[in-house]
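Participant: predicted model follows, preceded by the sequence.
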Amino acid sequence: MALAWRIRPIEARDDANVAAIIRTVMPEFGATGEGFAINDPEVDWMQRAYSVPRSAYFVVELEDKIVGGGGVAPLEGGDADTCELRKMYFLKQVRGQGIGSEMLRRCLDAARSFGFRYCYLETLSGMNDAIRLYERHGFKRIGAPRGQTGHGGCNTFYLREL
């Protein structure tokens, strides 16, 4: 039986659930401590953080429960034509269902609508399923980080033309 999930823009009432997902998923991959998104102050107020111009964050609902999310925003300290794919995480029980592909398409469509020409992302070498997803969707690995994301713990970098 296919899962009945939907993607929608984040609302303030989703903030605590999204923060809990991020704080659940990141430790699965050893992404704890300084230099990881888990410590970004915005994790606790995602709706407000992504309500600024040229930014969007979406959540995935499954049976009225938030099970994941992902967004785009201008790349801090980067070129004005480059956005960053940010905080795209899904609970383990919904991975491998096509949700990541659909979320990625939704984020890239939003980025295009904001006038970005490139999308950048940072991840960890151990997040193999995510890396395969990014590569299937046209992201190319680059050798060094861009911008000033504050995520010094990440060690794998990708860029995609929009």
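Facilitator: Sure thing, it's come through.

Participant: where's the closest residue to Y50 other than its chain neighbours relative to N155, distance?
Facilitator: With sequence-adjacent residues excluded and distances taken as Cβ to Cβ, 6 or more residues apart in numbering, Y50 is closest to Y57, at 3.7 Å. From N, CA and C alone the C-beta is placed, and that goes for glycine too. Y57 sits 24 Å away from N155, going by Cβ to Cβ, to the nearest Å.

Participant: give the contact list for the residue nearest to Y50.
Facilitator: P9, I10, V18, M46, Q47, A49, Y50, G69, G70, G71, R86, K87 (Cβ atoms under 8 Å, 6 or more residues apart in numbering).

Participant: surely D79 is within a strand?
Facilitator: No - counting by DSSP: H, G, I helix; E, B strand; the rest coil, D79 is not part of a strand but coil.

Participant: can you give me phi and psi for it?
Facilitator: When read as degrees, to the nearest 10, the backbone of D79 gives phi -70, psi 150.

Participant: quick one, what contacts it?
Facilitator: Shown in contact with D79 (Cβ under 8 Å, 6+ apart): Y118.

Participant: measure it to Y120 for me?
Facilitator: Between D79 and Y120 the computed distance is 9 Å (Cβ to Cβ).

Participant: same deal with M88?
Facilitator: From M88 to Y120 the distance is 13 Å (Cβ to Cβ).

Participant: and G115, what does it touch?
Facilitator: G115 touches R54, D81, counting by Cβ under 8 Å, 6+ apart.

Participant: one more: R141?
Facilitator: Contact partners of R141, counting by Cβ under 8 Å, 6+ apart, are E135, T156, F157, Y158.

Participant: buried among those? Make that a PyMOL selection.
Facilitator: This is the PyMOL syntax for the buried subset of the contacts of R141, where burial follows 16 or more other Cβ atoms under 10 Å:
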select buried, resi 156+157+158
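
Participant: quick check: which element contains V60?
Facilitator: Using DSSP states H and E, V60 sits in strand 56-62.

Participant: can I get that strand in PDB? Just the C-alpha atoms.
Facilitator: Only the C-alpha atoms of strand 56-62 are listed here, as PDB (Å, rounded to 0.1, in the frame of the first residue of the first chain):
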ATOM      1  CA  ALA A  56      11.100  28.500   1.400                       C
ATOM      2  CA  TYR A  57      10.800  25.500   3.700                       C
ATOM      3  CA  PHE A  58       8.400  22.600   3.100                       C
ATOM      4  CA  VAL A  59       7.200  19.800   5.400                       C
ATOM      5  CA  VAL A  60       6.000  16.300   4.600                       C
ATOM      6  CA  GLU A  61       2.800  15.200   6.300                       C
ATOM      7  CA  LEU A  62       1.900  11.500   6.600                       C
END
